[in-house]
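*Asks:* below is the sequence, then the predicted model.
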Amino acid sequence: MPTIKPFKGVRATADKVAHVISRTYQDYGKKELKAQLKYNPYSFLQILNPGYKFNQEITGLDRYSLVRNRYLEFKEEGYLVEDEKAAFYIYENIDPHHSYTGIIAGTSTDDYLNNKIKKHEDTLSLKENLFKNYLKAAGFNAEPVLLTYEDRSEINQLIAEVKTTAPDQHFSTTDFNSHKIWPVTNPQLIEKIEKEFKELSQLYIADGHHRSASSSLLAQEMGDKKESYKFFMSLLIAESQLNIYEFNRQIKDLNGLNKQEFLMKLDQHFRIQNRGLELYRPSKKHHFSMYLDGEFYSLYLRKGLLKELTPLQDLDPQLLYDLILDPILGIKDLRTDSRIQYSYGKHDLMHMKERVDKREFKVGFGLFPTTVEQMKSIADADLRMPPKSTYIRPKLPSGLIIYEF
């Protein structure tokens, strides 16, 4: 019985919203970030990069307080305005390849602590505390956690009902995305939405484990000082609308093995077929693509091993680690070993091939995407996926709707 609540969102005015919202901060390279800061005074990146105003890089608590100042300036200038009524926000995004609609709401930190909001990734305490301190100093959160739930026709019907009306905001951005927002302020409709979510047994974190953990830490620290600390902003979407992509792996060396020795070790657990220049992509789980020495290979897990798999080993990223990365290539820590790097599905196998051909890496592995069912089974069993097991879309823009504490 998860609890969600409406809140008074802070949003950019209609004439500036397309200029204000930005991609996730980490998405920008140095040159693009500099151009955005130089030529777009309305960008939310101006708030997130307060040192730009002083022509210097600022870090730590000094940065957090300046982020707060830039945010208040945007409100004072009228670029950002708080809504008069608490609302749930129906949000639709259409890009050239996909579309999705979800509900932006406040979700309970108590539900997070009580495991009504289930996790599938470990978090790092250092990152949790850093973001907790940031939220406390800045006083707002501009990037929601992505939560998913089992498809429920009653929720779909309520969303469809709202979408029959004209959106409050409708705009397009230069990345060919169309955005629509419908604030839901009608008390009866709000009550219906809350009731339908209480009928669910749990929610699942799809993306945003550290943001959830940091919000929970902040709630515990602030106690009963303010009700808003007991909730964090989330985008809730039905699991059928999630798009999960794979993270491919590239390794810098063969751990002292030559090519033939390496292939012989792989043969113990996999049926290997040389695909030559064919750009082989795995078509189902437990099949892997490998690029080595100018050629693609398909690796099929031997059928006899399928009966022995644990729920965690059913995940291809874990299987790859248990059978190849650790015992053969000597990679123990997937988070810290400098010999391994990751590229998500957006970059495709061609990106992996190019990096190996340039001799930046010796071998690359392409994986089949993890499914929603696998993600949920790991969370239900209170297990944790290996790092970089999923690249999940949608990715909500920063600054679209802001949750104030």
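*Replies:* Cool, the structure landed.
*Asks:* can you count the residues close to the nearest residue to Arg23 once chain neighbours are set aside?
*Replies:* Among residues not flanking Arg23 along the chain, Pro397 sits closest, at 6.4 Å (CB to CB, 6 or more residues apart in numbering). Placement of C-beta: from N, CA and C, glycine included. For Pro397, the neighbour count with other CB atoms under 10 Å is 22.
*Asks:* wait, what's in contact with the closest residue to Lys5 other than its chain neighbours?
*Replies:* Once flanking residues are discounted, Lys5 sits nearest to Gly106: 4.5 Å by CB to CB, 6+ apart. Gly106 makes contact with 4-7, 228, 231-234, 403, according to CB atoms under 8 Å, 6 or more residues apart in numbering.
*Asks:* list just the nearest of those residues to Glu295.
*Replies:* Ser234 (44.9 Å; CB to CB).
*Asks:* avg pLDDT for whatever helix or strand that closest one lives in?
*Replies:* According to DSSP states H and E, Ser234 maps onto strand 231-238. Summarised as a single mean, pLDDT over strand 231-238 is 97.
*Asks:* continuing past that strand, what's the next helix or strand?
*Replies:* strand 243-245.
*Asks:* which residues touch that following strand?
*Replies:* Residues contacting strand 243-245 (CB under 8 Å, 6+ apart): 98, 344-346, 369-372, 375, 390-394.
*Asks:* make JSON lines from those and add distance to Asp207 and secondary structure to it.
*Replies:* JSON lines is the format used below for these (distance: CB to CB, whole Å; DSSP: H, G, I helix; E, B strand; the rest coil):
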{"residue": "His98", "distance to Asp207": "15", "secondary structure": "coil"}
{"residue": "Tyr344", "distance to Asp207": "12", "secondary structure": "strand"}
{"residue": "Gly345", "distance to Asp207": "14", "secondary structure": "helix"}
{"residue": "Lys346", "distance to Asp207": "14", "secondary structure": "helix"}
{"residue": "Pro369", "distance to Asp207": "14", "secondary structure": "coil"}
{"residue": "Thr370", "distance to Asp207": "13", "secondary structure": "coil"}
{"residue": "Thr371", "distance to Asp207": "16", "secondary structure": "coil"}
{"residue": "Val372", "distance to Asp207": "13", "secondary structure": "helix"}
{"residue": "Met375", "distance to Asp207": "11", "secondary structure": "helix"}
{"residue": "Thr390", "distance to Asp207": "8", "secondary structure": "coil"}
{"residue": "Tyr391", "distance to Asp207": "9", "secondary structure": "strand"}
{"residue": "Ile392", "distance to Asp207": "5", "secondary structure": "strand"}
{"residue": "Arg393", "distance to Asp207": "9", "secondary structure": "strand"}
{"residue": "Pro394", "distance to Asp207": "9", "secondary structure": "coil"}
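*Asks:* lowest pLDDT pick from those?
*Replies:* Lys346 (59).
*Asks:* how about the helices in this structure?
*Replies:* Along the chain, counting by DSSP state H, helices occupy 17-20, 30-39, 45-48, 60-76, 109-113, 125-138, 153-163, 187-198, 209-222, 259-266, 303-306, 316-320, 348-357, 372-380.
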